[in-house]
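J.: predicted model follows, preceded by the sequence.
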Amino acid sequence: MAFLIPEQFKERYSRIVDEPEKFFEIMDEHLPKSFRVNTIKSSVTEVISRFDDYGIGTKSVPWYSDAFISENPDIGATLEHFHGGIYLQELVSMLPPLLVRKELQKATYVLDACAAPGSKTTQLAALMENKNTIIANDLSYSRIRALRFNLEKTGVLNTAITNYDLRHFPNLQFDIVLLDAPCSAEGTVRKNNELSKIWSFKQINTHSNIQKQLIVKAFQLLRPGGSMIYSTCTFAPEENECVVNHLFDKFEDAKLEKITIDGLKISNGITSWNGTDFDPEIEKTVRIWPHHNNTGGFFLAKVTK
């Protein structure tokens, strides 16, 4: 079934996207399947060699050497997928851990604040070579079952699971915090076009209010000198730039780092929306538009304290 784009959706995003027609057109196209080699259990050379033997074609991703695209449906039936040598994961979902790749080498304590089902947690563990400590937290107990399964399947040993509403998380201090916040998920329409049926401003505003509370708490859990990634899989400025700007209004010691990802086309964050001007620093946030890289949609901000 096609993504039936609401007229209000078209109106609002035509104001901020560079090529509206290409953007709306790709929203109805198939999202390429992608996977990440789990370096805890395997290596790129081993996996790609085996896939070649199976007759499974793969395409490398220019901005991440462990990531690949393949349209072969047999990937999900391979031994590599069964035992956790690879992890089926959307490309844009791999971005938050990559933004703190250097910091992970010296991080002792890392918090994945909304972790289930574990895509980013397992990636963090691989980048940390299964060393030091990750706390993988999620509000949903039912989703934690999937998180636990994926941690075990991928051989992750450096991670403990917690089941808190982040807003009530114990007042600890972390070197790195990942907050991939619950959102209206507009950027995932290419894999779930049913979202077009429930899209509404009310949903966007409800998420925005919660996200503002979550980002404040996440920043409070960050130690001085630490790094926090705020991300969503939606286009809505109310859930993206507005949330980061809210953090700037609350904390003078919040700073934004400029984000660059070699090989990936990104767009700078906007600095005003619906008559509200944001802090000029908000331009350092980035939005991933689907038509630029043939991916899902995503938003990223790298905050330091």
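T.: Cool, got the structure. The shown structure was predicted, so the numbers you read here are calculated from the model rather than taken from an experiment.
J.: where does the nearest residue to Ile229 once chain neighbours are set aside land on pLDDT?
T.: Of all residues not flanking Ile229 in the chain, Pro96 sits nearest, at 4.5 Å (Cβ to Cβ, 6 or more residues apart in numbering). C-beta here means a position set from N, CA and C on the backbone, and glycine is covered the same way. With respect to pLDDT, Pro96 scores 98.
J.: starting at the chain centroid, how far to the host helix or strand of Pro96?
T.: Remark: Pro96 resides in helix 95-99, with elements defined by DSSP states H and E. Here helix 95-99 is found 8 Å from its chain centre; the criterion is Cα atoms, centre = their mean, to the nearest Å.
J.: that one - contacts with which helices or strands?
T.: Taking 3 or more Cβ pairs under 8 Å, 6 or more residues apart in numbering; DSSP states H and E as contact, the helices and strands that helix 95-99 lies on are helix 119-127, strand 174-180, strand 222-232, strand 298-304.
J.: adding mean neighbour count, distance to Ser34 and mean pLDDT, write the ones you listed out as a markdown table.
T.: Below are these laid out as a markdown table (neighbours: other Cβ atoms under 10 Å; distance: least, Cβ to Cβ, whole Å; pLDDT from 0 to 100):
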| stretch | mean neighbour count | distance to Ser34 | mean pLDDT |
| --- | --- | --- | --- |
| helix 119-127 | 25 | 11 | 98 |
| strand 174-180 | 25 | 17 | 98 |
| strand 222-232 | 20 | 17 | 98 |
| strand 298-304 | 23 | 13 | 98 |
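J.: what's the closest of the ones you listed to Ser267?
T.: Among these, strand 298-304 comes nearest to Ser267, with 9.9 Å by Cβ to Cβ.
J.: can I get the CA coordinates of the closest one in PDB?
T.: Extracted in PDB, the C-alpha atoms of strand 298-304 (Å, rounded to 0.1, in the frame of the first residue of the first chain):
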ATOM      1  CA  PHE A 298      16.900  10.900  10.900                       C
ATOM      2  CA  PHE A 299      17.900  13.800  13.100                       C
ATOM      3  CA  LEU A 300      21.100  14.000  15.200                       C
ATOM      4  CA  ALA A 301      22.600  16.400  17.700                       C
ATOM      5  CA  LYS A 302      25.900  16.000  19.500                       C
ATOM      6  CA  VAL A 303      25.900  17.800  22.900                       C
ATOM      7  CA  THR A 304      28.800  18.200  25.200                       C
END
